[in-house]
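J.: after the sequence you'll find the predicted model.
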Amino acid sequence: MITMPNAEETRDISSKSEDWGLSDIKLKYDQGRLTVPDFQRRPDVWKPPRMSRLIESILRDIPIPSIYLAEEGVGRYVVIDGQQRINSIVRYLNGDYGLSESGLEILKELKNKRYSNIIGEYKKFARRLDDAKIPVIIITTQAGDEIVYEIFNRLNTGGMKLNAQEIRNCMYHGNYNELIKGLADPSIKGFDENFVYLLGSSQDNLYKRMNDAELVLRFFAFRRLGPFHIGEYMHPLKQFLNREMEQLRNISEGEQEAYTNLFKETVKLTKDVFDRNAFRKFNMGSENEVYGKWDNKINKAIFDVVMCGFAHYAEGDNGETIIQFKDAIREELIYLMTHDEEFIDAIVGSRTYEKIPVRTRFKIWFDSLREITENQDNIFSLEFKKEVFDRNPVCCICGKSIQILDDAEIHGVDYYWRGETIPENAHVAHRYCNRKQL
């Protein structure tokens, strides 16, 4: 169970302005006192022409926009806005690149010149670099990380505005953040292969903007509420996840291991039950188009309930219970996604993370799992449904073919996957046709 804090108190936010020399910036960076976070997985890093344009501006004494920092402690800072400017300065002073001709508008004589050339051959330019100052605004606050998060959100001015998880990656760097990224990122040793497999074709787009990491965070955050305290969820989602990152920022090695094992075991259960269709919504047909089909994209609300529902069993070493009833569980979720209007309203639309929809979908899914795993007398087998389907894969109502097994229901039996008796001469129908007739 997680205890949520009360609403944020209003606190004063103060800032101070300073001018930092280029060597000061590099020194603090090298000492680890100036953190330039990896906002994005594949950041839109400035190319040599743009970096060269910045260095030329400094050499020509053209004013540079202020760099915004958040104070993390005495003499320690994290960059809010200005990471590319800092990277360009540090890399040039390190001799990592020469000035690009296409980035130089006036000082063409410095074409291809690295920092070592400047201090060796062009003394006047070296003095300009030594004397140059960059305006720095340092945010200091007693209101906690949530206020600084909002400052990040308002001030980041890159070519592509940072999303919520990219800012969390900067704000809450620590063991918990590294754990979350490590489970989702295929480039990091120890990532969860099953998780990447289940994301399927969505993985690359999710990876680019750290939305895959946010899925991992959502799992841990909602799981900490557990099946009995989901009503304590506090809207909005952004602040709910921020608090999760802040509270667990520096978890112990033992906690990291436990969280990793729980996540991987839960993902494995999900794969065993849903395989490639995990976290997707099944859409029932309609009067104009009777054929039902799976979405290709990830539905985050479905991800939340499925993973947290299964985690309850994985954490209690009852994962085999999910496997025992996996066919019934699969049918149950498809039914909820296509026929339960309350559940459907709670997983689609713009209000899915308000308190009532969150509480609604979790309660429905937890109750469904409990109903299936505790009260079912006869275990439903997908193989039996497949036998009926293979015998005649034509809808017994509309007479059209049923294109995929998941779009087939046993005709005339309302809850066949919950132990209802299925006649030997059973027929299948499209989900839409069957429910319309029922």
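T.: All right, it came through fine.
J.: so who does residue 19 touch?
T.: Applying Cβ atoms under 8 Å, 6 or more residues apart in numbering, we find residue 19 in contact with 133, 134, 135, 136. Heads up, the C-betas are built off the backbone N, CA and C, glycines and all.
J.: 6 Å instead?
T.: The contact partners of residue 19, by Cβ atoms under 6 Å, 6 or more residues apart in numbering, come to 133, 135.
J.: chain center to the strand or helix carrying it: distance?
T.: Per DSSP states H and E, residue 19 falls inside strand 13-21. On the basis of Cα atoms, centre = their mean, to the nearest Å, strand 13-21 sits 33 Å off its chain's mean C-alpha point.
J.: please state the mean pLDDT value computed over the next helix or strand after that strand.
T.: Sequence-wise, the next helix or strand downstream of strand 13-21 (DSSP H and E) is helix 22-30. The pLDDT scores in helix 22-30 average 94.
J.: helix 22-30 versus strand 13-21: what angle between them?
T.: Calculated by axes from the mean of the first three to the mean of the last three Cα atoms, to 10 degrees, helix 22-30 forms an angle of 120 degrees with strand 13-21.
J.: ok so, going back, which parts of the strand holding residue 19 are buried?
T.: Across strand 13-21, burial judged by 16 or more other Cβ atoms under 10 Å covers residue 20.
J.: pull the CA atoms of it into PDB?
T.: The C-alpha trace of strand 13-21 is given here as PDB (Å, rounded to 0.1, in the frame of the first residue of the first chain):
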ATOM      1  CA  ILE A  13      10.300  29.800  -5.400                       C
ATOM      2  CA  SER A  14      13.500  31.800  -5.600                       C
ATOM      3  CA  SER A  15      16.200  32.100  -8.300                       C
ATOM      4  CA  LYS A  16      19.600  33.700  -8.600                       C
ATOM      5  CA  SER A  17      21.400  34.900 -11.700                       C
ATOM      6  CA  GLU A  18      25.100  34.300 -12.300                       C
ATOM      7  CA  ASP A  19      27.600  34.500 -15.100                       C
ATOM      8  CA  TRP A  20      29.700  31.400 -15.700                       C
ATOM      9  CA  GLY A  21      32.900  31.200 -17.700                       C
END
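J.: quick one: strands adjacent to it?
T.: When pairing is defined by DSSP bridges, strand 13-21 lines up against strand 133-141 (antiparallel).
J.: C-terminal to the helix or strand of the chain with the lowest mean pLDDT, what's the next element?
T.: For the chain, using mean pLDDT, DSSP states H and E, the weakest element among its helices and strands is helix 145-155, scoring a mean of 71. Downstream of helix 145-155, the first helix or strand assigned by DSSP H and E is helix 164-171.
J.: where does the prediction get shaky in the stretch 301-438 of the chain?
T.: For the stretch 301-438 of the chain, the stretches with pLDDT under 70 are 376, 438.
J.: and the helices in it, which stretches?
T.: For the stretch 301-438 of the chain, the helices defined by DSSP state H, counting those that start in this stretch occupy 319-324, 326-339, 341-347, 355-375, 382-391, 431-437.
J.: looking at those helices, which is closest to residue 119?
T.: Nearest to residue 119, of all the helices of the stretch 301-438 of the chain, is helix 355-375, at 59.3 Å by Cβ to Cβ.
J.: not counting residues beside it along the chain, what's closest to residue 382?
T.: Counting by Cβ to Cβ, 6 or more residues apart in numbering, residue 382 lies nearest to residue 327, which is 4.1 Å off, once chain neighbours are set aside.
J.: how many other residues sit next to the one you found?
T.: Around residue 327 there are 19 other residues, counting by other Cβ atoms under 10 Å.
J.: got a list of what it touches?
T.: Residues in contact with residue 327 (Cβ under 6 Å, 6+ apart) are 380, 381, 382.
J.: can you check the distance spanned by stretch 18-36, start to finish?
T.: Using Cα to Cα, to the nearest Å, one end of stretch 18-36 lies 18 Å from the other.
J.: that one: which residues count as buried?
T.: By 16+ other Cβ under 10 Å, the buried positions in stretch 18-36 come out as 20, 22, 25, 26, 28, 29, 34, 35, 36.
J.: show me which pair in those is furthest apart.
T.: Spatially, the most separated pair among the buried residues of stretch 18-36 is 22 and 35, at 18.0 Å (Cβ to Cβ).
J.: and residue 162, its phi and psi?
T.: The phi/psi pair for residue 162 (degrees, to the nearest 10) reads phi -60, psi 140.
J.: show the residue spans covered by the strands in the protein.
T.: Secondary structure of the chain by DSSP state E: the strands cover 13-21, 34-35, 67-73, 76-81, 133-141, 282-283, 293-294, 408-410, 428-430.
J.: distance to residue 115 added to those, as CSV?
T.: Shown next, in CSV, are the strands of the chain (distance: least, Cβ to Cβ, whole Å):
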stretch, distance to residue 115
strand 13-21, 15
strand 34-35, 19
strand 67-73, 20
strand 76-81, 22
strand 133-141, 16
strand 282-283, 59
strand 293-294, 55
strand 408-410, 69
strand 428-430, 70
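J.: tell me which of those strands lies nearest to residue 302.
T.: Nearest to residue 302, of all the strands of the chain, is strand 282-283, at 9.7 Å by Cβ to Cβ.
J.: ok, back up a step: Serialize the helices of the stretch 301-438 of the chain to CSV and add fields for distance to residue 59.
T.: Formatted as CSV, the helices of the stretch 301-438 of the chain follow (distance: least, Cβ to Cβ, whole Å):
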stretch, distance to residue 59
helix 319-324, 63
helix 326-339, 61
helix 341-347, 56
helix 355-375, 55
helix 382-391, 70
helix 431-437, 69
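J.: so what touches stretch 418-429?
T.: With contacts defined as Cβ under 6 Å, 6+ apart, stretch 418-429 is touched by 376-378, 388-389, 395-397, 408-411, 413, 416.
J.: what's the spacing between that stretch and its chain's center?
T.: Computed by Cα atoms, centre = their mean, the chain-centroid distance of stretch 418-429 equals 41 Å.
J.: measure that stretch end to end?
T.: End-to-end distance for stretch 418-429, by Cα to Cα: 18 Å.
J.: list the buried residues in it.
T.: Applying a neighbour-count criterion of 16+ other Cβ under 10 Å, one finds 418, 422, 426, 427, 428, 429 buried in stretch 418-429.
J.: what's the answer for stretch 275-282, then?
T.: Of the residues in stretch 275-282, 277, 278, 279, 280, 281, 282 count as buried by neighbour count, 16+ other Cβ under 10 Å.
J.: relative to the whole chain's centre, how far out is it?
T.: 17 Å.
J.: same question, stretch 401-415
T.: With Cα atoms, centre = their mean, you get 34 Å for stretch 401-415.
J.: contacts for it?
T.: Outside of stretch 401-415, the residues within contact range by Cβ under 6 Å, 6+ apart are 291-292, 389, 393-396, 416, 420, 422, 426-431, 434.
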